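Q: Structure for the following, please:
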Amino acid sequence: MKAMNIQWFIAQEKDRTLINVENGTIGKEQATGSLSTLYQIAAEIDDKECMKDISSTIALLRHMKSDPRAGGFEMKRTPIEQLGLVNRRS
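A: Residues are numbered from 1 along each chain as shown. Reported below is the predicted structural model:
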């Protein structure tokens, strides 16, 4: 249960970070730092898929144009359904 909560947190924070980059609230460097922190959290729970996803997102950020509004940046969000964290109460 604890790992699922951490996976949910990572997915939410990754999406929030990417939205902030896209709308210009934070820059590439800040976003890279935030994602690196999320990578370390994923490493602590040994979530290799999440680590790969964050790593590829960081690589994408490093190679994008300086201004995300100029194009070249497409957000890659993690659907909560893929994490198996959907509330299954009926």
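Q: what's the closest non-adjacent residue to the residue nearest in space to the middle of the chain?
A: Central residue of the chain (C-alpha atoms, centre = their mean): residue 14, 2.5 Å from the mean position. Nearest residue to residue 14, sequence neighbours excluded (C-beta to C-beta, 6 or more residues apart in numbering): residue 38, at 5.9 Å. To be clear about C-beta, it is placed using only N, CA and C from the backbone, and glycine gets the same treatment.
Q: Phi, psi for the one you found please.
A: Backbone torsions of residue 38, given as degrees, to the nearest 10, read phi -60, psi -40.
Q: what about it, how many neighbours?
A: Number of residues near residue 38 (other C-beta atoms under 10 Å) recorded here: 24.
Q: hang on, the earlier thing: buried residues in the host helix or strand of the residue nearest to the centre of the chain, which are they?
A: Using DSSP states H and E, residue 14 sits in helix 2-22. Within helix 2-22, the residues that qualify as buried are 6, 7, 10, 11, 14, 15, 17, 18, 20, 21, counting by 16 or more other C-beta atoms under 10 Å.
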